[in-house]
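Q: my questions are about this predicted structure, shown below with the sequence.
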Amino acid sequence: MGEKIRKLTSWVWNVKERLILAIMVAVLCQRVYDVMNPKGLGEADPIPHMPFRDESNVDIPKNPPQIPQDLLPESWTLLHKRPPTLFVQPRRPTDPTNPGGPDTSNLELRDIKKSGDGYRVQIFTGQGRPRWYEEGDRFESYEIVFIDPDEETVQVYSEETNRPLTLERN
C-alpha cells in the first residue's frame, strides 16, 4: 500500500505542469462557451431604450475666451532654462581697493561667431575652459544681454551689482 502511494505521488509530481495546463485549458473553454452562449437573454427580452430628452433648453458651452497677448511672456527660453525659485547667493567683492565695484577681472571675451540667426560668444571665466554662450544665456552670476559683432563687444548683466558690464575682445 505504501509503495502504491509513493508511486502515485511521484507520478503526480512529475506531471504537475501538464495537470495545471489541462485545468487552465478547461477553464478557458468554459469561459469562451459562457461568452458565446450568454444565459438569461432570450428573444422575448426587450432592449432598454434611452428616455427622450428635450434638448432645446440645454446650454452648450462655447469656446473659452482667448488669452490677451500682453499677458503672454515674450521670451519662453527663460522658463525652461532656470527654475524661478532658484536663489543664487550674492558674492562679496574680492577686490579690497574697490569694495562696491564688480569683479570683472575673471571675465575675458575670447571670440564671437555667427550661429544660425544670432551670434555666440566664447567667454573665459577664470575657471576651467572657455565656453560658448548665446544672448539670454546665464552663467555663474552673469547673463548675456547683447552681442555686438561689429564692435566686438558683449554686454553682460551682473547679478552681484545689478548693473550691466561691457566686455571687449582682447
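A: Perfect, thanks for sending it. Residues are numbered from 1 along each chain as shown.

Q: tell me the buried residues in stretch 149-167?
A: 153-154, 156-158, 161, 167 (16 or more other CB atoms under 10 Å). C-beta here means a position set from N, CA and C on the backbone, and glycine is covered the same way.

Q: so in the protein, where's the weakest helix or strand by average pLDDT?
A: When each helix and strand of the chain is scored by mean pLDDT, DSSP states H and E, helix 77-81 comes last, with a mean of 60.

Q: Asp111 is in contact with Leu167, isn't it?
A: No. Counting by CB atoms under 8 Å, Asp111 stays clear of Leu167, with 11.8 Å between them.

Q: please tell me how far Arg31 sits from Pro130.
A: Using CB to CB, to the nearest Å, Arg31 is found at 70 Å from Pro130.

Q: for the protein, just list every one of the strands.
A: In the chain, the segments counted as strands under DSSP state E are 108-115, 118-124, 131-134, 138-139, 142-148, 153-158, 163-168.

Q: counting by contacts, list what the first one packs against.
A: In terms of contact count using 3 or more CB pairs under 8 Å, 6 or more residues apart in numbering; DSSP states H and E, strand 108-115 is assigned the packing partners strand 118-124, strand 153-158, strand 163-168.

Q: residues near Glu143, how many?
A: Applying other CB atoms under 10 Å, we find 19 residues neighbouring Glu143.

Q: ok, for it, nearest residue in space, not its chain neighbours?
A: Nearest residue to Glu143, sequence neighbours excluded (CB to CB, 6 or more residues apart in numbering): Tyr157, at 4.6 Å.
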